[in-house]
Each structure stands twice: as structure tokens, then as C-alpha cells.
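Asks: coords please:
(chains A and B)
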2 protein chains.
Amino acid sequence: MFESASLAHRVDKAAYRRAEPKLREALLNAQYDLKQDGRFSVLILIAGVEGAGKGETVNLLNEWMDPRHIEVSGFAEPSDEESERPRVWRYWRALPPKGKIGVFFGAWHTQPIVDRVTRRISTGRFEQYMSEILRLERMLIDEGVLLLKFWFHLSKSQQKKRLRELEADPVTRWRVTAKDWKLFEQYDDFVGVCEPFVRKTSTGEAPWLVVSGADPRYRSLTVGRTLLAALRERLDDKSAVRPPDHTPPLPPAVDKLNVIRALHLDQALSKKAYEPELERQQGRLNKLFRDPRMRQMAVVAVFEGNDAAGKGGAIRRVTRALDARSYQTVSVAAPTEEERSKPYLWRFWRHLPRRGRLVIFDRSWYGRVLVERVEGFCAEADWMRAYGEINDFEQQLAQHNLLVVKFWLTISKEEQFRRFKEREKVAFKRFKITDEDWRNRKQWDAYERAVCDMVDRTSTNVAPWTLVEANNKYYARIKVISTLADAVEAALARVEEAGKKDKKGK
Amino acid sequence: MFESASLAHRVDKAAYRRAEPKLREALLNAQYDLKQDGRFSVLILIAGVEGAGKGETVNLLNEWMDPRHIEVSGFAEPSDEESERPRVWRYWRALPPKGKIGVFFGAWHTQPIVDRVTRRISTGRFEQYMSEILRLERMLIDEGVLLLKFWFHLSKSQQKKRLRELEADPVTRWRVTAKDWKLFEQYDDFVGVCEPFVRKTSTGEAPWLVVSGADPRYRSLTVGRTLLAALRERLDDKSAVRPPDHTPPLPPAVDKLNVIRALHLDQALSKKAYEPELERQQGRLNKLFRDPRMRQMAVVAVFEGNDAAGKGGAIRRVTRALDARSYQTVSVAAPTEEERSKPYLWRFWRHLPRRGRLVIFDRSWYGRVLVERVEGFCAEADWMRAYGEINDFEQQLAQHNLLVVKFWLTISKEEQFRRFKEREKVAFKRFKITDEDWRNRKQWDAYERAVCDMVDRTSTNVAPWTLVEANNKYYARIKVISTLADAVEAALARVEEAGKKDKKGK
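Replies: I've put the predicted structure just below:
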């Protein structure tokens, strides 16, 4: 993997002086074209061995191009903001928008490699990290990101030479510490871990680009020209060709039965029975959120359902039970311009709760496999891959003790008609009914099909769907709040159990 | 994942009788169109819980369609032919050609699931299997295979009901054994393993299609219609559109140095020194291949190099040292029609050696990233993904104690000219030089670039490249045979070491 990069590559001063100005100009032009074009973002990962010029390269890119359109992110120890979220949250946060270049100095590859070199994780866990990285990068590429992964390499003797040189010069001596020499001793272990890593995380669309780091001029021209070629290739390809559809169609319905039609939508619950039960469940939920174990977890509640199924009403019955500082409700409508400029799931990652808190999504990332699928806002290949991406996303939350609770509120077509008519009649409800609602209603069967596929493909042990029979609002609200309370209660018990195991482990 | 499939789906007899003849006719037509079309093959995987109609479905497909163009493969215990090869060898062997349908009754998913249910493997290993499966299926899809994965499901109560019904009927009582009831007791464990498996190995291009197995008529129509829709979608899409190129260009050369130019091609070795040394190395190699430990491993030697670099001569010096029954030489030229009808690596998988044996590839799978790249026989995206596919392939060999030894024989451009001219002059050498050789020579720099990228991207700890300086044939032959002998010697020691560990483990 590192054969070429271990050679004594060099570019002499004169050649560099001739090449550099042209390259800078071309890079600047490409950068402005990218801004104009606005169809994709560029993400540059900077990785490799110590002393191979990673930091210098980041500085150089900033110097060569317009720094207003480059966003450099260095990832050192996670902040407490970050460590309260899943591992990849901070990378999502830093993704560049379309038209811009993001530079990640150390990213998702760093920790797994370090943990493996120091034997803190097993080869099995390391393999798992690599497969997660492959899935993440595949998603970014599918979302149109131009991903360039630079790996800076030094051979063992080159690294030794570099440390010696720095030490010999009184001006740079301070840069070499005992830690550097200790790292040098681990060189073989380090490269022994990096080799399979670079091999297994190199794909056709996102290969690692290994660069010899020993000679700064060689290194700089290599990175600059590679970046330029990649930018130009994508910018100059104006074809808006969609890839051929290799997505097989999902099985057609053969009988009339499906998970929605199997529900009995008219469940009985009188107002008289409802009111004390609501109070009881709200009290329970309130107590659960004040439990000290709650500080080790957080909750994400997703509300989806037919138009007029009573999502808002159910959400209010939940939030009324809670301290206003402990929850946030995110209403998902059309994405903002900023959100449209990032990969699809970005707008949801940004709203993830800190420890001890609840975030309620009133509509959610499932829009992609519901409205976007039915209305044709995205291609079949896009919503088909979304099931897997969503499952990965929710698993990342669950692994970080973020409980995901998902509700689909179902009403019958007749009940919806009744509610729509009522909304049109009652003045203070009129804002709730629009032409769009009537239009969506015409697509009833297509939505039903999409909901069934969604439940089948994203109801998982990690994050199951709860289907709520909602023709009777009282019944629906009690089912929602009690299901949520049950789930939180079970999650708190799991957190406690895991804590005990950890203690025993120590 | 199994929500819809757990419902009591049913199709009544009358409806089935109306639907079946039309479906059969349409399927037959699609099958003939597929044969005519010949652009892709279809691979159907049959998986799921016991008693859900897997076997019946396979029989049905055979009955409904023309069995001459369906190839059904059942994978039970591996034969000894099979167990001497890497795990996936038998699946490669059974891949259908373009224009045909292959049905795999149990495939790469079976063993990992069974091993995980019985706790014979850890979750880490299970995750690793899943990521290998994802890579394998991705490769098949990239190669144009239409992959349909059916998962047959029964809920726990449905499975119980089915076993009871079979037992109650004197005619079918024999089919229910104590083993079946034992399996039934493991139902929850089994589904607990299958759920994440189905989730994580479902992708946009190859989702698991979960089918309720309880009602045979429902099941049959679902499978038939799904297959029909998938066939028609692909057959009716006549666009020959290539996907947009999202492959970033590899780094351009910035200086004159590369792994080939760094070699000193003129190494000294006199004929007088060569002859006894050759004899010594041949004796060594012969002894190594007769070592009893050799029965636990096998060797794959790959010879690539410039035209006229002396591959044939070097290979003959190796084979002369060996018993003719213990080796096979595979000369790789243009693929046969059969080979062209299968995924790229198929033609190499078929030649893998059994235990104790050596297979020599005179040119190899590297053709894809050499001649096919340089001559534009395949798209950039295809040769770019080939590096990863080749690394996966060689790792599968290595994991199965198949030692992979790879030689690139290098001569200088001047030396090649001299040898070409000599071949033209000497009558018995004339068959070795063609117009194509002169044509290839004009692409010298492009080939050199391709060789450097190949070495960088496929020289791994698992299967390193050995670059052989070959201007002097004597030197080259000794380097080849001694490198091979060293590698075999080291591999035999590893086999012995692993054997000792296994014994200790027991």
C-alpha cells in the first residue's frame, strides 16, 4: 500500500517555483466554479503518520485558496457537547455545504486506528468500525459529496531522519518531544494496523490517495494537482445523467392485508376513563424524566401519521408532563436552504438531544420514504437506500444510549374526511387544513403502501415502530404516552444494568 | 423487519386459479426475453425460517419456468472438493451465466446465521461476515447481476401451527422430527439473530424481500410477481447509460520517480554462478512441496510483467522442480464466451488449487487494472473498484491457507526492444512476437503508470508483490524461485504454528 510513498520523491525549488503559481490560479478558479456550480460539496480527509506534513498541508490549502469557502475542522478530544452525542455527530455537524470545500484534519478513521494500535479494541471491533466507515462514506458519496481521502506516509527511516533534523536545528528543537520518539518506536505497529485499514476502506469511489510526505514541495504539488484534477473532472461533467436503476421493485401486494389494514382503528375509551389515566401516565413520565439515571441517556421521539391523525394533540399531552427545559419539539417542514445544501440526514443530526433530554420530531427523516417517495421528490434508488441509512442512523443513536421511540398514528379514510370537514367549518381550526391535505388524500393508497414498507424495513429491535389506532383521540393519546413511559422505564433499567456490569468489569 | 410477513396473509383458491396461468405465461416470456437479451444474469437467494416454504418455492420456480434455463444450487455440507477451497468458492462456481436464472437454496448467509444462533461465533465475527457479504453482493451488482433475495418468514404461532398440522395428518407425519421441535424451541433466538442480519444486509440495490410463508398460494403469487416485476423492469430498460463517473482521478505524477524506475534493472549474475544456484533452489522447492504440512495449504503464484520480460522462462524453472501432478499452469488470454458471461473474477476462482498443490497464473486477474485499464476495455469505475475486489479475493484465499505469491518482471524499454528484434530474427522465437506487442510498447508510459498503481493498491501484508529486475534472465529466475521457496517455507511454519495453537486450544 505504501510502496510508492516510501520512495525518495523530490521536487526541486526551481521546478516548484515554476509550477506553484499556475496551480494556485487553477485551484482558485476551480474553487469559484464550485461555488457557482453549487451541485456538490467537497470533503477532504487528512490522515497518515506523524510528521508527514498533515498540518502543513491543511495550512497550505487555506493559503492557496479562498479561505472564506474552505471550512477546516480539526478533531481532537471530543468536547462535552460532543461526547454526549453519538461518535459521528461531530463529523455530521462539520459537513460542508454544497459549493464549498471542507477539510477534516483527523476524522472517523483516527480513533479506531489509535485504539487498535494500543490494543484497546479487538480485531473484530476494528473490522466493525471499518464497515461502519464504509457505510458512512458510501452514504456521503450517494448524497453527491466529492470525497478525497489523503493519506500522508513516511517510511520508518524517513520518519527517523525528520525527527533528527528537527532536533538538530535549535529553532525547531522544541517540536520534538519524548512522546514523538515513543510514537516512533511504535512505527511498525502503527503501519501494521494502517495497512489493512487503508486497504479495506479504499473503494472505487473513495480510494485512499497515499502521498509521500517527506519532501514538502513534492507533497504540496501532489495534493494540489490531485485536488484540482478531481474538482475539474466533476465540474466539467455537466451531464445530469441518473445512474441506471438497479433497484429491484419491492414485492407487489398480492392480497388486501397489510400492517395498517390489520389494525382495529376504532378503539373504545371514554373521556371519563381517559382523564384520570392521562393524569396517571403524565405523572409517571414526569417522574421518569427526573430519575438520576436519566443523566446517562436521552430520548428521541418520532411522530408520524396520516394528516389530521392527531400528532399535535398527542405531542402536547406528552410535553405537558415535562419540565420545559428538558424537551424540545422539532417540526419538520420543507428543508431550509442550508439544510438542502447538506446530506439528507444532516438536518436531523443537528437536533439530537444532550444527555437527560427529550427531542420530539413532529414528522422526521421518514419523510424521505413517505412524501418524497410518493410525490417523486427523489429517485427510487434514493429512497431505497434511505431505509439502510436510517437504520444505521438509529443504530448509532441506540449505541449511544439515545432511546428512539417511533409512533405512526393511523386514522381511517372516513375519519380523515370527517376531520377535514370539521377543520373547514371551525374558524380556529381552519389554519390546519390546506389544499395540500386534500391533494395528499387522493394518494391514500400510495401512502399506505409506503407506510407498510417503512414499517417492514425500519421497525427493528433497536428502534421499533408503534402503530397507534387513532380514530379515537383519547385512546391514541393514552397509547402514545404509556408506550413512551414504558420504553423510557425499560431503557433506564438497561442503563443501570450496563452500569453494574461496568463496575464489575473494573 | 417481519411485521407484514407475520400477518395472516391469504389468497383463496379461486383467485389463485385466475391469477396463476397469466403469471406463468408472463414469467416464461420474461425468461425467454432474458435469454435473448443476454445482458445480465439473475440470481435468486432463498432464505428464511424452517417450514416457510423455501423448498416448495424452489420447486415451483422450476415448474413455472423453463428448467433448462434455471440452475438451482442447494448448499448443504461442503464436499471435500469444496472444503479444500475458500468458503465462497462453491458460490462462485455456481453463479449463473448472463441470460440465465440461478437459484441458490441457502447461500453465504446460512452458515453465519447458524453459527451465531448456536453461539459458535462472536458478535464481532458475525459483523465481519455481514460486511463480507455486503462486499460480495455489491461486487455482483456492480458486475450487472440482478440479485433478488427472498426471505421466507413464519411467526412463532404460525410455525407451531404448521408443525401441528403436519403431525396431525398421517400422510405428512413423517416430515416432523424431534429436530424440528427442537428448532422450534430456538425460534426466538433464531429470529433475534435474523432481524439484525436482514436489516444490515439490506441495501438499496439488494434489499431482502420478506415474504410471509404461511399460505402457499399467497407465497407463490408474491414470489412470482416480484420476480416478474424485477425481470421486466430490467429487460424493458434498454438504455445503455453508464452511471456518472464519481471516481476521483488518482494522483498525477509530480516527479519522475516511481516504484518501477526505482529499480536497478541490470543485476549481475553469471551463467556459471546461476547454474548451481538454480539447482540448489529447485531442490529446496521440491523438498518443500513434499513436506507433509503442505497438505494443509496450497499455493497460487501469479506472474505478470512486461512483454518479453521472461515470464515463461521463469515459470519453467519453477515447474521443472516439481512433480507434474502437483502443479497446474493457467495461461490467461482473452476470456472464453462462458467466462465473459460471468462476473469478472469467476474465471480465476475456477482454477484455484486443492490442498497440497500449486497453481501458476501466467497473467492473471490483474489484467483488469493493466491491459483493460490502459486499452480502455473497461470503464474507470470498473478498474477502480477492481483493486478492492482483488484485495478481498486474495484475502479470502489467504484466510484459507492459500499462499498468494505475486511477481512483476520488469525489463527496461531498451532491453525489450533488443528482445523483440531478436525474436523477429530467430525463426523458433518468431511465434512469440506479434503486432500487438509493438502496439503495447507504444503505451509504455501508460502501462508503467498502471503497474505502479497496481503495486500501491494491491501489495498487501496478505499478498505482497515482488518486483523482479529482469534485464538479466539468470538473476530474475533465481530471484523468482528463491522468493517462492522462502514464501512457501514461511507459510509452512505458519501452518505448523496454527496447528499447535489449535491443539493447545483443545
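
Asks: Flag the shaky bits of chain A, pLDDT-wise.
Replies: Across chain A, residues meeting the criterion (pLDDT under 70) sit at A:239-246, A:505-506.

Asks: domains for it, by residue range?
Replies: A:4-236, A:271-505 (automatic domain parsing).

Asks: now the strands: where do they sit in chain A?
Replies: Secondary structure of chain A (DSSP state E): strands at A:42-48, A:70-74, A:101-105, A:146-153, A:208-212, A:298-305, A:327-331, A:358-362, A:402-410, A:465-469.

Asks: Need those strands in JSON lines (columns: mean neighbour count).
Replies: For every residue, glycine as well, the C-beta is placed using N, CA and C. Formatted as JSON lines, these follow (neighbours: other Cβ atoms under 10 Å in any protein chain shown):
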{"stretch": "strand A:42-48", "mean neighbour count": "25"}
{"stretch": "strand A:70-74", "mean neighbour count": "17"}
{"stretch": "strand A:101-105", "mean neighbour count": "22"}
{"stretch": "strand A:146-153", "mean neighbour count": "24"}
{"stretch": "strand A:208-212", "mean neighbour count": "25"}
{"stretch": "strand A:298-305", "mean neighbour count": "24"}
{"stretch": "strand A:327-331", "mean neighbour count": "15"}
{"stretch": "strand A:358-362", "mean neighbour count": "21"}
{"stretch": "strand A:402-410", "mean neighbour count": "23"}
{"stretch": "strand A:465-469", "mean neighbour count": "20"}
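
Asks: Could you work out the end-to-end span of stretch A:145-164 for me?
Replies: Stretch A:145-164 has an end-to-end distance of 40 Å (Cα to Cα, to the nearest Å).

Asks: Ignore what I typed, I meant stretch A:201-208.
Replies: 8 Å.

Asks: and that stretch, how far out from the chain's middle?
Replies: Stretch A:201-208 sits 19 Å away from the centroid of its parent chain (Cα atoms, centre = their mean, to the nearest Å).

Asks: these two touch, right, residue A:430 and residue A:424?
Replies: Yes - between residue A:430 and residue A:424 there is a contact under Cβ atoms under 8 Å: 6.5 Å.

Asks: Dump the strands of chain A to a markdown table, plus distance to residue A:260.
Replies: Formatted as a markdown table, the strands of chain A follow (distance: least, Cβ to Cβ, whole Å):
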| stretch | distance to residue A:260 |
| --- | --- |
| strand A:42-48 | 40 |
| strand A:70-74 | 44 |
| strand A:101-105 | 42 |
| strand A:146-153 | 39 |
| strand A:208-212 | 46 |
| strand A:298-305 | 11 |
| strand A:327-331 | 24 |
| strand A:358-362 | 20 |
| strand A:402-410 | 6 |
| strand A:465-469 | 7 |
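
Asks: Does residue A:73 touch residue A:94 like I think?
Replies: Yes - shown here, residue A:73 and residue A:94 form a contact pair, counting by Cβ under 8 Å, at 4.1 Å.

Asks: shared neighbours, those two?
Replies: With contacts taken as Cβ atoms under 8 Å, 6 or more residues apart in numbering or on different chains, residue A:73 and residue A:94 have A:102, A:104 as neighbours in common.

Asks: Where does the stretch 351-500 of chain A get nearest to chain B, residue-wise?
Replies: With Cβ to the nearest Cβ, the shortest gap between the stretch 351-500 of chain A and chain B falls at residue A:385, namely 3.3 Å.

Asks: and that residue, what does it touch?
Replies: By Cβ under 8 Å, 6+ apart, the contact set of residue A:385 is A:139, A:142, B:203-204.

Asks: most surrounded residue in these?
Replies: Of all the contacts of residue A:385, the highest neighbour tally under other Cβ atoms under 10 Å in any protein chain shown goes to residue B:203, namely 22 neighbours.

Asks: burial count for residue A:96?
Replies: 22.

Asks: Can you tell me the closest non-neighbouring residue to it?
Replies: residue A:102 (3.2 Å; Cβ to Cβ, 6 or more residues apart in numbering or on different chains).

Asks: list the contacts for the residue of the stretch 1-150 of chain A found nearest chain B?
Replies: Proximity of the stretch 1-150 of chain A to chain B (Cβ to the nearest Cβ) peaks at residue A:124, 2.4 Å away. By Cβ under 8 Å, 6+ apart, the contact list for residue A:124 reads B:122-125, B:127-128.

Asks: tell me which residues form a beta bridge with the residue nearest to residue A:96?
Replies: Residue A:102 forms beta bridges with residue A:43, residue A:71, as assigned by DSSP bridges.

Asks: can you check residue A:331 too?
Replies: Applying DSSP bridges, one finds that residue A:331 bridges with residue A:362.

Asks: From chain B, how far out is it?
Replies: Note on residue A:331: its distance to chain B, by Cβ to the nearest Cβ, to the nearest Å, is 27 Å.

Asks: go on, residue A:285?
Replies: When distance is defined by Cβ to the nearest Cβ, residue A:285 is 26 Å away from chain B.

Asks: Pull the number of nearby residues for that residue.
Replies: Here the number of neighbours of residue A:285 (other Cβ under 10 Å) works out to 23.

Asks: again with residue A:274
Replies: Neighbour number of residue A:274 under other Cβ under 10 Å is 16.

Asks: Which residues are in contact with it?
Replies: By Cβ under 8 Å, 6+ apart, the contact set of residue A:274 is A:474-475, A:477-478.
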